[in-house]
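Undergrad: Coordinates only, no sequence provided:
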């Protein structure tokens, strides 16, 4: 198996763990010093776990499905879809019971089978529109 295929397998394993709510996956698949550069800020492993626990509290049935994945060199790029039901407070918005579907993109850099850093963008405008917090354009 090529290094790119191993890296893609690690990212799939990470998503499988997150979909099961297994937060130990961060410690297993992320290198010490890992940083998640997101459009909401930069996060360490521990901060990333807190960020995701807030998402899971708001969308307890959430599930992310990988739609596209490409690997080149030490990087894995992907587009995924997150689906869930708004059952908890999300960014100050009381639960609405609405189903949301949102697209997100990531580029992950791996070294020695571990994720070193991630650059991610999530379409928060779409989430807010689906929750009725912002009018659709």
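TA: It's in. Quick caveat, the model's predicted, so the values are computed rather than measured. Numbering: from 1, shown residues only.
Undergrad: Check the offset of the lengthiest helix in the chain from the chain's centre.
TA: The residue-count maximum for a helix in the chain (DSSP state H) belongs to helix 3-19. When C-alpha coordinates are averaged (Cα atoms, centre = their mean, to the nearest Å), helix 3-19 and its chain have centres 12 Å apart.
Undergrad: Show me what that helix is packed against.
TA: helix 24-29, strand 63-72, strand 75-85, strand 99-111, strand 114-122 (3 or more Cβ pairs under 8 Å, 6 or more residues apart in numbering; DSSP states H and E). C-beta: built from backbone N, CA, C; applies to glycine.
Undergrad: What helices and strands are in contact with the last one?
TA: Strand 114-122 makes packing contacts with helix 3-19, strand 30-38, strand 99-111 when contacts are defined by 3+ Cβ pairs under 8 Å, 6+ apart.
Undergrad: Show me what counts as buried in that strand.
TA: Residues of strand 114-122 classed as buried under the neighbour-count rule (16 or more other Cβ atoms under 10 Å) are 115-120, 122.
Undergrad: For residue 114, give the beta-bridge partners.
TA: residue 111 (DSSP bridges).
Undergrad: Am I right that it is in contact with residue 31?
TA: Yes: taking contacts as Cβ atoms under 8 Å, residue 114 lies within contact range of residue 31: 4.0 Å.
Undergrad: roughly how far apart are the closest residue to residue 62 other than its chain neighbours and residue 93?
TA: Residue nearest to residue 62 in three dimensions, not counting chain neighbours: residue 84, with 3.3 Å by Cβ to Cβ, 6 or more residues apart in numbering. Separation of residue 84 from residue 93 (Cβ to Cβ, to the nearest Å) stands at 14 Å.
Undergrad: The two: who's more crowded?
TA: residue 84 (21 against 16; other Cβ atoms under 10 Å).
Undergrad: Check for me that residue 96 belongs to a helix.
TA: No: counting by DSSP: H, G, I helix; E, B strand; the rest coil, residue 96 falls outside a helix, being coil.
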